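Asker: Give the three-dimensional model of this entry:
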Amino acid sequence: MNLSAPNSPKNNTSEPHLSRVRRICMAMPDATEKLSHGQPTFFARKKVIAMFADHHHKDSRVAVWIPAAPGQQAALAGMAPETYFRPPYVGAYGWVGIDLERIDDEDLAGHIRDAWTVIQGKARQGKARQGKLPAQRKPKVLT
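Answerer: Predicted structure coming up:
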């Protein structure tokens, strides 16, 4: 199944970037992919870890939007504003946009791993508030 965005203005140039994002995201535990809002989106246990953005609303970027730890959006955008940005809609919740033309695979993979960790942490916090986390086991002491 081809999940690239069929109506994107530069689909042929964005496909290698989508392949990079897909390869990295699908290596994460419990990762799945489906179209959301017309773009390939990657999930781990029903939580979004990355949204591909191919010239969103005809902007100039082929990008990925990812959830980030508190303060990361401002720190990254301040450090390298040509690479990192506040994406529309989800930027208000601390997500970071990454221009895929301006980042190598190693750094991109690190950011996606961080996004996965952020999402898993939020899921665990929510379960803890609902009392759904399994009880902590006491480690066995070997004698």
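Asker: Go ahead and confirm Tyr42 touches Ala50.
Answerer: To be clear, residue 42 is Phe; Tyr isn't right here. Yes: under the criterion of C-beta atoms under 8 Å, Phe42 makes contact with Ala50 at 4.5 Å. Any C-beta I mention is one placed from the backbone N, CA and C, and that applies to glycine too.
Asker: Name the residues contacting each of those two.
Answerer: Common contacts of Phe42 and Ala50, defined by C-beta atoms under 8 Å, 6 or more residues apart in numbering, comprise 21, 25.
Asker: higher neighbour count, those two?
Answerer: Set Phe42 next to Ala50 and count neighbours by other C-beta atoms under 10 Å: Ala50 wins out with 29 against 25.
Asker: Assign a three-state SS to the nearest residue to Thr32 once chain neighbours are set aside, would you?
Answerer: Distances taken as C-beta to C-beta, 6 or more residues apart in numbering put Phe43 closest to Thr32, at 5.0 Å, once the chain neighbours are dropped. Secondary structure for Phe43, judged by DSSP: H, G, I helix; E, B strand; the rest coil, is strand.
Asker: low pLDDT regions in this structure?
Answerer: Counting by pLDDT under 70, the ranges of the chain that qualify are 1-12, 56-58, 122-143.
Asker: Show the residue spans covered by the helices in it.
Answerer: Ranges of helices in the chain, per DSSP state H, are 11-26, 72-79, 105-129.
Asker: Residues in contact with the second one: which ones?
Answerer: Residues from elsewhere that reach helix 72-79 (C-beta under 8 Å, 6+ apart): 68, 83-86, 91, 94-96, 114.
Asker: Now do it: distance to the chain's middle.
Answerer: In terms of C-alpha atoms, centre = their mean, to the nearest Å, the centre of helix 72-79 is set 16 Å apart from its chain centre.
Asker: List the buried residues for that helix?
Answerer: For helix 72-79, a neighbour-count test (16 or more other C-beta atoms under 10 Å) marks 72-73, 76-77 as buried.
Asker: okay if I get the residues you listed as TSV plus distance to Ile103?
Answerer: Shown next, in TSV, are the buried residues of helix 72-79 (distance: C-beta to C-beta, whole Å):
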residue	distance to Ile103
Gln72	15
Gln73	15
Leu76	11
Ala77	13
